[in-house]
Each structure stands twice: as structure tokens, then as C-alpha cells.
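Asker: sequence plus the predicted model coming up.
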There are 2 protein chains.
Amino acid sequence: MGGRVVVKKASVTLHEVAAAAGVSIATVSRALNGKDRVSGRTAEHVAEVAERLGYRVNLIGRGLRAGSGATIGVVVPVISNPFYGELIHRLEDHLQRRGFDLVIADSHGEVDRERERLRMLVERRVEGIFVVPSDAELSYDAVADTARRVPLVQLDRRVIDLSADFVGVDNDAGIDLAVDHVTSRGARRVVLVSGNDVTSVGRERRAAFEATVRTRSLSREDNIFGEYLLAFGERAAEELLARGPLPDAIIAGDDLVAAGAIAALKRAGRSVPSDVQVTGFDGTMLADVCEPRLTTVVQPFDGLAQEATEALVRRMEDPEAPYVLRRLAPSLRVAESTTPAATH
Amino acid sequence: MGGRVVVKKASVTLHEVAAAAGVSIATVSRALNGKDRVSGRTAEHVAEVAERLGYRVNLIGRGLRAGSGATIGVVVPVISNPFYGELIHRLEDHLQRRGFDLVIADSHGEVDRERERLRMLVERRVEGIFVVPSDAELSYDAVADTARRVPLVQLDRRVIDLSADFVGVDNDAGIDLAVDHVTSRGARRVVLVSGNDVTSVGRERRAAFEATVRTRSLSREDNIFGEYLLAFGERAAEELLARGPLPDAIIAGDDLVAAGAIAALKRAGRSVPSDVQVTGFDGTMLADVCEPRLTTVVQPFDGLAQEATEALVRRMEDPEAPYVLRRLAPSLRVAESTTPAATH
DNA sequence: CTGTTAGCGCTTTCAA
DNA sequence: TTGAAAGCGCTAACAG
């Protein structure tokens, strides 16, 4: 006694509004939601009282009653990667247009964390889930189990042999665009520096590259695989430098790797593109920050977000619908990392 | 009739587990949560049945009962900006350690959207909110109203004259580090290229710069203000080129702006740092992608996330606690954009 | 140790 | 047009 007691002021409920307005909670609910018939006068009165009391609907209460809130979850490997940042940005747009909120979770690229985040989303009873699986194989159990419980769409990457919707870029076409571009500019010795087989994206880009090399009868080179990190791009470039004469072109698995490679090459006194052409993949802001600016395979961010949203909605409406496996065409943005700089 | 009927299989509830296990729902709840005394045998039995039925707790039900779920919300202006990506990453870490999930919302830097996202979080009855206000003045109403309803901590940016907790970097110290560095390397004519007065960060960095210029009796230059975008950095550099002789150093408001400026300078045939030194601010991956690598003021990402989390927890525990206004010291990461390249 | 019961805040019949 | 009441899934008293 004597000390000031801190009161945790609970938030205003329908009951309090009803009491203050002199009507039943049912009437308040109806008045505020406006879908049901309420007399104009009471509706106005209730709205006024609710406003005065600072009432805010409790989405937890509504969600329980309705069976769930209007929420979609997304699990990405690294939110700080600009590629996912951009993708999430677009997803949020499309979802909001349909009245859904987005809950974002980060798996840190770890399978265990991924499983746990998926579980959290299921327990929150989200309406649907987008997931960028962190491992083409090890993510199987968690993703499959989740898909059994709630509408789920794999985005960008997928789990091998999993029966679940997928929306991503056409990696074959993307690699082809890049290789076609550098070879049309005279490259014969072309090396791939890309992600390893842990992700489906890494596998697909590798397979696409090897296939196109055969088709075009380019020389077979020792490609380099690792993680989608700046540091990997640097290490790979250093290895290429150590091997001897540089190839004519480096096809990087993503913009981050390309940026790292370019930095290392320039530090070693080599110049891009005259000593070696370099291409990226994704079309993130990193491509524009590079010097020279990066020629890169641009992902159709908005198209991906839209298709993914549509696939998810379809799945929510009909859990039995056949699985879709949607590949969107990328485009090539040509810049100075493969073409002689403009005169200044 | 005849067509296959799609049944939306509702998820398993406590009741069903209880029925299948031949005990009451209270026992199931206790057994599964393990905090209360239940006989080892029943606990085991219940766990087994729950597992077999694929039971998952419904966080909405629990949340309603408990008064809310264990959720914290965060509203950032642009999730695709690597700075916020990194910050969110760290926040998630600290929160998860305390058992909270993070819901991320994007305001797109628009005050209206920001108000709406804050409202959503309030209606979801999140335990607390981090917000990076999109406008130092226009965000006032929405942020103030939200702070009245739920524990809230402003992060990175703040609203002028608002009584609410704040955690951010010490912009004065940051600008000072940068200016001190370039002047110690001989710069006399130093220009600031930074964000305008829309954000508190823009204001603070500008004021800090002008103050330090006076203190050091550097020449007064026409600084350039705009948005924290790559394109603004480019435009600003072009303007400086058009003005005549370049200054000795450019202090950029963030890494994005610095990267844009460097790109434009190099395109114009100028070299960094020999023609002009350039520094950035934030310490994002962009700084390492630049060529030459960017000397930049590094924000203490993890420290910010930790302090912000602590401030929020404090606010949750005592709504009456005095407001904290916490400024963390940045550090300077020196690289080639201000120092002669190493020999190779 | 276990069951019964009362709600958390909300929406939606069902009556009046 | 409005009110009364049920119940979404869960946990925490309170009995037993």
C-alpha cells in the first residue's frame, strides 16, 4: 500500500461497448460489422460509443469463433537476402488485396528451424503457407507433414518428389539466356559458379548448365559449387585465378555470388568484362550496385508472387485439385559486366 | 450427387484426443503441457494417442484463454532494404529466445499503410510492437495511438516529440566517425549526400554533419538531400560532377546512396578514392559488394536488436516505466573507398 | 492424480 | 430490429 499500483488496463471488449451503449453485445457486433440489419440510429450510436471507448475488435476472439484468422504464413531461408525481401514484398501486396495478413518466419536455412517454424504456423491455424524449402531432400518430412494439414505452396525452391504445389522461375530458360548471351559475345570457355545440390535451385541450374554446354558443344570446364553467398563468389574467383588462364565467361548462380566474383577478380587486377564476362541471377538491387553493373537473369518477382497467391487460393478452395508446378519465364537484363563499357 | 465431395477435414481438437484416450480434456491438456501433475502412465498414453491422431495445439484457442498469443509485431518501411532485413533477423533471434514469435509487416514507407498495419497488430492483440516510423511528423497520430494501447518501441527512426521508447544508433557519433576519418586523410571539402528531413534519421545525420563541419571549420558546401535510394546516390553524384571540381570526400547517408554515388562517379571516369573519398552508413552487405569496398559506419545490429527487445520487455512489465531513449555507438569499418588500394 | 466447469471475445442462429 | 444463448479450443480453478 502506498506505492503506486500499476494497472494493466485490459482492452475494451464488446461487452463494455454494449453496456455503455445500452444494447446487447450481439447488436454491437452487428452494428460494427455492418453486414447485418441494424437500425440506422442504433448503428450510429454504437459506432460513436465504440469510438469513444477506443474499441478494437479482438481478432483472436473472432478467429476462434470463425475457425481461424485471415492469415497466411511464409517461411524463407534468409530474410536479409534481398531476393526474398523483394519476393515477400510482392506477396504481401497480393495477399492484402485478398484480405489476408502475412506472417513471416525465417528458417535461417536450417532444417530443424524450418520444421519448428512450420509447426508454429500450423498451430496458429494460418489459412495457408508459402515455403522456400531449405533443403531439397531433408526438408521433405516437415514440408510434407505441413502440406497434409494446411494448403501449402512451395516457392522458388522445392523438395524432390514431394506432391505439393510449386511456383518458381524456369531455371533452364534462365541459364540458357545467360549462356546464350555470353556465347553470342564470343565466349567459348564458360564456367558455372553456383549453389550446390542442397537446394533444388542449385540442382536445376547445374543440370541446365551442363545440358546447354553439351548442346552447344562448348568445352567442358570444372564448375564450382558452394553456397549462395558473397564470400563463396570471392573464393570461387580466386580458385579460377589460381587454375591458370581465366575462362571467357563466368555464369554465377545468383547476384550475390556474381558480385563476390567480380570483386575478387578486380582486386586481382583483372577486368570485367574484357578479361572475363560475368552474369548473375535474380535481378536484385545488387546487380545495379556492382561495378560494372551486372548482366543478370531477372526473376519475374511480381509474377511469381501473383501465381503463388493464386495457387494457394486454389488449394484452399479445393484441397483435392491437381498439383500445379508452375515455371515462370525469366528475362535477361544486359549491362556492362558482359558488354564493353559505353564511352564517356 | 455422384461428384466426389471435398471434405475440409477440420483439425484434431483436445476433445477428440480425450475421447480416443478415454480421459478428460483437462487431463489431455495437462499431459501435453507437462507443467501439471499427471501420472506417468496416462501422460505417456495421452502423448501416444495425440501423436497418432496428429494433434496440434490450437494457438488461437490458447491465446483467447490466455488473453493473447506470444507474439510481437514489427513494422518496417521496406523489408527489401538489407538494413531492415538484417535487423529483423536479429530481432527474431532475441525474441525467440524469450518465447515470442515475430509478425512482420511492411508499411511501404507510407503513413496510411503504416497506420493500417499498426491497427492490424493491435487487433491481433500482439504483446508488443517494434516500429520504424515512416515519417518523423506524420507518423505521430498512428504511433502515439498504438503506444497507448500496447507496449511499443521505436526502432532506428523516431517520431518527433513522441513520448515512447526508442532504440537506435548514435547518428552524431556515426557522422563524426566518418568525417573524422576522411579529414584525417586530408579532406577539406566534404559534402553530405543523405536522406531528407522526412525521417528522424535524415534530420539527425544532417544536423550532426552541419555541427561537425562548424566545429572543424571545414568549408561550407551545398549538401544534397533526397531519399535513401540507389538512384538518389547516382543523381547526387551527377549533380556534384556538374557543379565543377569534386569535393575531397562524400559522406553518404547510407550504403545504398554511397553505392549509387560510387557507380555514377566511376561511370564518369572518376576514381574512388583518389579523386574523391566516399563513405557509407549502416554496414550492410552492400558495402562489401561495392568496388572499391565501402568504408562505412557500421550499425551494431545485434546490440540494437537486443536493446530493443529489452526495452520492449521492460515496457511490457511496467507500462509506467520512464521512457528510454537509447543510442548505441556505431563503429567505422575502413575499406578501399577512402584508402589507397592495397598493392596486388 | 483426474474430472467438472467456467469462461477468454466473438459471431451467429433462434426467438421474440 | 434486437436480445439471449450457444460454442469455437483451450487452460485453470476447484472438487473429488
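Answerer: Thanks, I have it. Numbering: from 1, shown residues only, chains lettered A, B, ... in the order given.
Asker: C-alpha from now on. contacts and neighbour counts both.
Answerer: OK.
Asker: return the nearest residue of the stretch 151-300 of chain A with respect to DNA strand D.
Answerer: A:Pro151 (17.4 Å; C-alpha to the nearest atom of the strand).
Asker: any idea how far the nearest residue to that residue once chain neighbours are set aside is from A:Arg315?
Answerer: In space, and not counting its chain neighbours, A:Pro151 is closest to A:Gly128: 4.8 Å by C-alpha to C-alpha, 6 or more residues apart in numbering or on different chains. Distance, A:Gly128 to A:Arg315, using C-alpha to C-alpha, to the nearest Å: 9 Å.
Asker: next one: A:Arg41
Answerer: A:Arg41 is 43 Å from A:Arg315, by C-alpha to C-alpha.
Asker: tell me which element the residue in the stretch 201-344 of chain A that DNA strand D sits nearest to is part of?
Answerer: Closest to DNA strand D within the stretch 201-344 of chain A is A:Met316: 17.6 Å, counting by C-alpha to the nearest atom of the strand. Assigned by DSSP states H and E, A:Met316 belongs to helix A:301-317.
Asker: what's that helix packed up against?
Answerer: In terms of contacts (3 or more C-alpha pairs under 8 Å, 6 or more residues apart in numbering or on different chains; DSSP states H and E), helix A:301-317 is packed against helix A:82-97, strand A:128-131, strand A:152-155, strand A:165-169, strand A:325-328.
Asker: and that helix, what's buried?
Answerer: A:301-309, A:311-316 (16 or more other C-alpha atoms under 10 Å in any protein chain shown).
Asker: same check on stretch A:26-42?
Answerer: Buried residues in stretch A:26-42 (16+ other C-alpha under 10 Å): A:Thr27, A:Val28, A:Ser29, A:Ala31, A:Leu32, A:Thr42.
Asker: tell me the SS of the last one?
Answerer: What that stands for is A:Thr42. The three-state assignment at A:Thr42 reads helix, by DSSP: H, G, I helix; E, B strand; the rest coil.
Asker: what residues does chain A put near DNA strand D?
Answerer: A:22-27, A:37-43, A:61, A:64-67 (C-alpha under 7 Å from any atom of the strand).
Asker: hang on, the earlier thing: tell me what angle the helix holding A:Met316 forms with strand A:165-169.
Answerer: 180 degrees (axes from the mean of the first three to the mean of the last three C-alpha atoms, to 10 degrees).
Asker: ok, residues contacting the helix or strand containing A:Met120?
Answerer: Here A:Met120 sits within helix A:111-123, counting by DSSP H and E. The set of residues external to helix A:111-123 that reach it, using C-alpha atoms under 8 Å, 6 or more residues apart in numbering or on different chains, is A:73, A:75, A:105-108, A:129, A:133-135, A:138-139, A:142-143, A:146, A:149-150, B:56-59.
Asker: got a ChimeraX select line for the buried ones in these?
Answerer: In ChimeraX, the members of the contacts of helix A:111-123 classed as buried (16+ other C-alpha under 10 Å) are selected with the following command:
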select /A:73,75,105,106,107,108,129,133,134,135,138,139,142,143,146,149,150 /B:56,57,58,59
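Asker: which of the residues of chain A next to DNA strand D fall in helices?
Answerer: A:Ile25, A:Ala26, A:Thr27, A:Gly40, A:Arg41, A:Thr42, A:Ala43, A:Gly61, A:Leu64, A:Arg65, A:Ala66 (DSSP state H).
Asker: residue ranges of the helices in chain A, please?
Answerer: Going by DSSP H, chain A shows helices at A:14-21, A:25-33, A:40-53, A:59-66, A:82-97, A:111-123, A:140-149, A:171-184, A:200-215, A:230-243, A:255-267, A:286-289, A:301-317.
Asker: in the fifth one, what's buried?
Answerer: Along helix A:82-97, the positions that meet the burial threshold by neighbour count (16+ other C-alpha under 10 Å) are A:82-95.
Asker: and DNA strand C, which of the residues of chain A next to DNA strand D contact it?
Answerer: A:Ile25, A:Ala26, A:Thr27, A:Gly61, A:Leu64, A:Arg65, A:Ala66.
Asker: turn those residues into TSV, columns for pLDDT.
Answerer: Output for those, formatted as TSV (pLDDT from 0 to 100):
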residue	pLDDT
A:Ile25	96
A:Ala26	95
A:Thr27	96
A:Gly61	95
A:Leu64	94
A:Arg65	94
A:Ala66	91
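Asker: any of those residues buried? List them.
Answerer: Here, 16+ other C-alpha under 10 Å leaves A:Ile25, A:Thr27, A:Gly61, A:Leu64 buried among these.
Asker: for the residue of the stretch 201-344 of chain A closest to DNA strand D, list the residues it contacts.
Answerer: If a contact means C-alpha under 8 Å, 6+ apart, then A:Met316 has A:Glu127, A:Gly128, A:Pro151 as its contacts.
Asker: can you tell which of the helices and strands packed on helix A:301-317 is closest to A:Gly269?
Answerer: Closest approach to A:Gly269 among the helices and strands packed on helix A:301-317 (C-alpha to C-alpha): helix A:82-97, 28.4 Å.
Asker: out of the contacts of A:Met316, who has the most neighbours?
Answerer: A:Gly128 (26 neighbours; other C-alpha atoms under 10 Å in any protein chain shown).
Asker: so that one bridges to which residues?
Answerer: Beta-bridge partners recorded for A:Gly128 (DSSP bridges): A:Ile72.
Asker: identify the farthest-apart pair in the buried ones among the ones next to DNA strand C among the residues of chain A next to DNA strand D.
Answerer: A:Thr27 and A:Leu64, at 19.6 Å, using C-alpha to C-alpha across these.
Asker: using CSV, list the CA coordinates for stretch A:316-334.
Answerer: This file holds the C-alpha atoms of stretch A:316-334, laid out as CSV (Å, rounded to 0.1, in the frame of the first residue of the first chain):
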residue,chain,number,x,y,z
MET,A,316,-7.6,-23.5,-50.2
GLU,A,317,-10.7,-23.7,-52.2
ASP,A,318,-10.1,-27.3,-53.4
PRO,A,319,-7.7,-29.4,-51.4
GLU,A,320,-8.1,-32.1,-54.0
ALA,A,321,-7.1,-30.1,-57.0
PRO,A,322,-4.3,-31.5,-59.0
TYR,A,323,-0.9,-30.2,-58.0
VAL,A,324,0.4,-27.3,-60.1
LEU,A,325,4.1,-27.0,-60.9
ARG,A,326,4.4,-23.5,-62.4
ARG,A,327,7.6,-22.2,-64.0
LEU,A,328,7.7,-18.6,-65.0
ALA,A,329,10.0,-17.3,-67.7
PRO,A,330,12.8,-15.0,-66.6
SER,A,331,14.3,-12.3,-68.7
LEU,A,332,17.8,-11.1,-69.3
ARG,A,333,18.9,-7.6,-68.3
VAL,A,334,22.1,-6.8,-70.1
